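next input, structure requested:
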Amino acid sequence: MRAFAWLFVAGCSDTKVIAEMERALTASNVAIAHGLVASEILSHTHDVPDSTLRHPGETGFGCPGVIDKQGPEDNFFLTLDYALDGCVPDSALVPAAVSGHAGIQWSGTITTVSWDGLMVDLVNAVSGTLSGPVETAETATMMGPTGALVIGSSTVDLDLAVEFANDGITFDGDAVVQDDLTDPLVLEGVVLAPTDITLPCPTPSAGVARLDGDGKEVVVDFALPGDGLVTVERGGRVSESVDLCAYRSEIFTK
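Residues are numbered from 1 along each chain as shown. Modelled structure (predicted):
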């Protein structure tokens with residue numbers, strides 16, 4: 001049941017305001033899910049699994065594996081193998097099982113991704129375009145996912161700056177959700193700790209998402225009040241606490 005059945009907006013029950021707030025919540029969930037999948041794939045540019053098959057259920061193995069790596073370290077192609085029956089990635093960036101394969105072409109500066117039957121949650125096919133620079137530092141991996149990434153029935157045009165470290169992942173940048181809107185969604189300092197990336201939906205613990213909505217900006221504040229509850233503001237009207245997962249995407253839930 002959607003949370004805005006009981007929403008109160010600064011004493012006003014304007015249905016247009018509520019609709020815009022709901023749109024921002026839904027778009028935020030979809031954009032975050034796409035950002036996590038994109039980051040999981042790109043992160044393996046400089047974190048190449050060291051075994052040809054790393055399927056679950058075998059001692060010392062994990063997810064994904066890598067097959068047919070070809071070329072020197074500054075210009076190579078490899079295929080990430082997520083197992084036919086699916087496995088949950090070791091990175092913990094994706095909370096659901098991933099199956100199939102994804103190709104990584106590294107040019108020395110930019111990674112370009114291709115798809116070969118990749119599925120998220122075993123039912124959501126992945127297609128579209130994904131590329132971007134990937135750099136590693138001592139404590140983090142920096143990525144810039146761009147492209148129109150399709151997962152299941154959702155398409156998001158990504159133009160993000162991502163920092164992935166042991167204590168979590170941070171998103172900044174633009175994500176235009178093409179499902180039922182074309183207004184840009186801007187993510188600012190959106191942080192997900194490892195404990196935030198869970199089913200049925202990842203719930204950021206910091207940052208905001210800004211939707212350039214119908215005449216007025218809509219802002220989702222992930223930090224307040226926290227623990228999966230957020231507040232939404234449009235034109236000075238602020239919602240009460242809203243359950244972010246009430247507006248979750250279908251990407252991580254069959």
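
give me the low-pLDDT residue ranges for the stretch 51-200 of the chain?
51-62 (pLDDT under 70).

could you verify my assumption that residue 209 touches residue 183?
No. Residue 209 is not in contact with residue 183 according to C-beta atoms under 8 Å; the separation is 11.6 Å. C-beta: built from backbone N, CA, C; applies to glycine.

how far is stretch 206-218 from where the chain is centred?
18 Å (C-alpha atoms, centre = their mean, to the nearest Å).

what of stretch 166-173?
The answer for stretch 166-173 is 10 Å, by C-alpha atoms, centre = their mean.

help me confirm that residue 31 is found in a helix?
Yes. Checked against DSSP: H, G, I helix; E, B strand; the rest coil, residue 31 lies within a helix.

hang on, the earlier thing: more neighbours, residue 209 and residue 183?
residue 209 (26 against 16; other C-beta atoms under 10 Å).

how much space between the more buried one and residue 15?
The gap separating residue 209 from residue 15 is 22 Å, by C-beta to C-beta, to the nearest Å.

what about residue 193, neighbour count?
Neighbours around residue 193, by other C-beta under 10 Å: 13.

residue contacts, it?
Counting by C-beta atoms under 8 Å, 6 or more residues apart in numbering, residue 193 touches 167, 168, 205.

buried ones only from the residues you listed, please, as a ChimeraX command.
Filtering these down to the buried ones (16 or more other C-beta atoms under 10 Å) takes a single ChimeraX command:
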select :168,205
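
among the contacts of residue 193, name the ones in helices.
Among the contacts of residue 193, no member falls in helices (DSSP state H).

okay, residue 115 and residue 204: tell me how far apart.
Distance from residue 115 to residue 204, by C-beta to C-beta: 27 Å.

same thing with residue 65?
Taken as C-beta to C-beta, the span from residue 65 to residue 204 is 30 Å.

between those two, which is the more surrounded one?
Neighbour tally, residue 65 and residue 204, criterion other C-beta under 10 Å: the higher count belongs to residue 204, 29 against 20.
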